[in-house]
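Undergrad: Okay, sequence plus prediction incoming.
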Amino acid sequence: MKIAVCVKQIPDPAAPYDLDPDSHFVVRPNDQVLDDTDRYGVEVGLQLAEEVGEEATLTLVSMSPSGSLQGIRQALAMGADRAIVIDDEALRGADALTTARVLAAAIREDGFDLVIAGTESTDGYAGVMPQQLAELLDVPSLSFARKVEKDRDTLRIERQTEDGYALVEAPLPVLLTVTAGVVEPRYPNFKGIMQAKKKPVDTKTCADLGVTPQVQQTIQAVEPIPARQAGEIVEDEGEGYLRIVEKLEEAKVI
Amino acid sequence: MATWVFCEEQSGAPSVSSLELLSKARNWGDVSVFYVGAGSDDAFSTLGAYGATTIHHLKVGDALPAPLAAAALGELIGTDDVALFGMGYTARDVAGRLSARLGCPVLSNAVEIDVGGNRVQVSNEILGGTTRVVTAATAGPVVIVVRPKAFAAEPGDGGPPPVTSVALPDVGHAGAALVLERHIEESQGPDLEAATIVVSGGRGMGGSDEKWEPVTRLAGRLGAAVGATRAVVDAGWVPYALQIGQTGKTVKPDVYIACGISGAMQHLVGMKDSGLIIAINKDAEAPIFSIADLGVVGDVHKVMPALIAALEGR
């Protein structure tokens, strides 16, 4: 079974983001990290691959026009076998559909039975790329999975719904998106980190994949939103709760 | 330009997001609703009241709807059209597939939409709601995914619109995902997105069960809904459905009480438009205090029990 896991490298979310004043794109530092959301997809992929055994392979696929491989190495250290990275200057600021086209081309070329992605990235969070990818690959999608089971060539998930969950299944090949919390992602051990340095990373360009990036949306303006003002701060010395009670009374909710 | 609003049926009624979108879109003229679900006269009348002038109705049976809905809607939509989607799970799936099918852009996380002349512009908020970005689509049709509560759902005076049945398209293997069972999880207390008071807990609560209990207890006392940060959901203390923030729900209650929440950007974007914000956190430097109307710097496990006792004694 060939498993492709889509991962994204993002600027460290703990650090403040900067926007390039000319392009309005997020400034991407060289030391980007693996999007935390993607660790769940990698973990689900690893567990499914372990269940299948020897003949399963797990390939990371990432569009990353930054030259950074730090986040990719993090995912390789968790146990992925190899990575395909599409690194092309023309992809800076690419929108979701361009990303999906690039990933679809790379995944199709490599072959797949199962594609796994998070539900949205932490930095851009458009939240539509995985379904664009499923459409381009012409496969069913099992989306917003909070539990995943495999039974021969069928994948069955608990899909998050507005009022609970639904049990949904689809035959392979299929695209799966997982919510955070679906599994407990493993931390890379020392051996994994050492091995990750030697695992193959194929770097490709748009031309290699025959994809021409298109620009279909333009940023018109970027403006600060007036910040909400900080209010009163009370140090609790045992009576802080009283101030809360007073505020709730003022708001007429008690 | 014609306007489309996507509506997925939820518990037999139109999704709340579709009513929000109609309340905005009816100002531009006629609106066609693409409806996915069993359908009923009541549901269609509701959509009419909110501004739907026609309804295209697709029944998908036990299939997971997205590929079928995207294929059917893709046949109906014109190059100059605008299609609005909420952020429901199925709505987002359909929006993504539709855009790939038509080769058109998706403008996501919209909080405002301007339609004028030949141009469609949307605003969205990034960097934890500190920065507004205005984006214009340069190709059509334009698929827009709108954040919850960007527009208030207010009924107008429209009558029941004509309803056309849409034939189920054949999309082959892509349509092979089937729903085997549907489970409704009864949540206690009011609905998180509709609640007037939300009590929300973060990593600072320190754990599940008895450590988390003050959150549910305070919520119970106030008739509030319980919310949580992503860290809490990731840790498995509470279900995903309670997550507030960029990846979770957006809430705008009259009162938001943040307990043990530091206030990461990704959380603030889901609650910063609340009325009164009260925060309890032991770290005086926590970003949540920069937007709170009242910040209590202290241990949640001391402040909350005292607060609960005071409220219970009233």
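TA: Arrived safely. Numbering: from 1, shown residues only, chains lettered A, B, ... in the order given.
Undergrad: Please work out how many residues are found near the single nearest residue of the stretch 1-150 of chain B relative to chain A.
TA: The stretch 1-150 of chain B approaches chain A most closely through residue B:96 (2.8 Å), counting by CB to the nearest CB. To be clear about C-beta, it is placed using only N, CA and C from the backbone, and glycine gets the same treatment. Counted with other CB atoms under 10 Å in any protein chain shown, residues neighbouring residue B:96 total 32.
Undergrad: What of the one 4 residues further on?
TA: Taking other CB under 10 Å as the criterion, the count of residues near residue B:100 is 27.
Undergrad: need the longest strand for chain A.
TA: strand A:141-151 (DSSP state E).
Undergrad: For that one, buried residues please.
TA: A:141, A:142, A:143, A:144, A:145, A:146, A:147, A:148, A:150 (16 or more other CB atoms under 10 Å in any protein chain shown).
Undergrad: May I have the strands that pair with it, each with its orientation?
TA: strand A:154-161 (antiparallel), strand A:174-178 (parallel) (DSSP bridges).
Undergrad: quick revisit: how far off centre is the helix or strand harbouring the residue of the stretch 1-150 of chain B closest to chain A?
TA: Applying DSSP states H and E as the criterion places residue B:96 in helix B:89-102. The chain centre lies 16 Å from the centre of helix B:89-102; the measure is CA atoms, centre = their mean, to the nearest Å.
Undergrad: picking up where we left off before, could you single out the most deeply buried of the strands paired with strand A:141-151?
TA: Greatest average neighbour count among the strands paired with strand A:141-151 goes to strand A:174-178 (a mean of 28), per mean count of other CB atoms under 10 Å in any protein chain shown.
Undergrad: Would you mind identifying the next helix or strand past that one?
TA: helix A:190-196.
Undergrad: mean confidence for the next helix or strand after that next one?
TA: Using DSSP H and E, the helix or strand that follows helix A:190-196 towards the C-terminus is strand A:201-204. For strand A:201-204, the mean per-residue pLDDT is 97.
Undergrad: can you check stretch A:17-25 too?
TA: 79.
Undergrad: does any bit of that stretch sit next to chain B?
TA: Yes: using CB under 8 Å from any CB of the partner chain, stretch A:17-25 reaches chain B at A:17, A:19, A:24.
Undergrad: Next, count neighbours for the residue lying closest to residue B:253 once chain neighbours are set aside.
TA: Leaving aside its chain neighbours, residue B:253 sits nearest to residue B:198 (4.5 Å; criterion: CB to CB, 6 or more residues apart in numbering or on different chains). Neighbour count of residue B:198, defined by other CB under 10 Å: 27.
Undergrad: in stretch A:107-122, what's buried?
TA: Buried residues in stretch A:107-122 (16+ other CB under 10 Å): A:107, A:112, A:113, A:114, A:115, A:116, A:117, A:118, A:119, A:120, A:121, A:122.
Undergrad: Please flag which of the residues you listed sit within strands.
TA: Going by DSSP E, the strands hold A:114, A:115, A:116, A:117, A:118 from those.
Undergrad: quick one: the third one and residue A:41 touch, right?
TA: Think residue A:116. Yes: judged on CB atoms under 8 Å, residue A:116 makes contact with residue A:41 at a distance of 4.5 Å.
Undergrad: CA atoms only: put the worst-scoring helix or strand of chain A on mean pLDDT into PDB for me.
TA: Within chain A, no helix or strand scores below strand A:217-224, which has a mean of 90 by mean pLDDT, DSSP states H and E. Extracted C-alpha coordinates of strand A:217-224, given in PDB (Å, rounded to 0.1, in the frame of the first residue of the first chain):
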ATOM      1  CA  GLN A 217      -6.700  36.400  -6.700                       C
ATOM      2  CA  THR A 218      -4.900  39.500  -5.800                       C
ATOM      3  CA  ILE A 219      -4.500  41.300  -2.400                       C
ATOM      4  CA  GLN A 220      -6.000  44.700  -2.600                       C
ATOM      5  CA  ALA A 221      -5.300  46.000   0.900                       C
ATOM      6  CA  VAL A 222      -3.800  45.000   4.200                       C
ATOM      7  CA  GLU A 223      -4.800  47.100   7.100                       C
ATOM      8  CA  PRO A 224      -4.600  46.800  10.900                       C
END
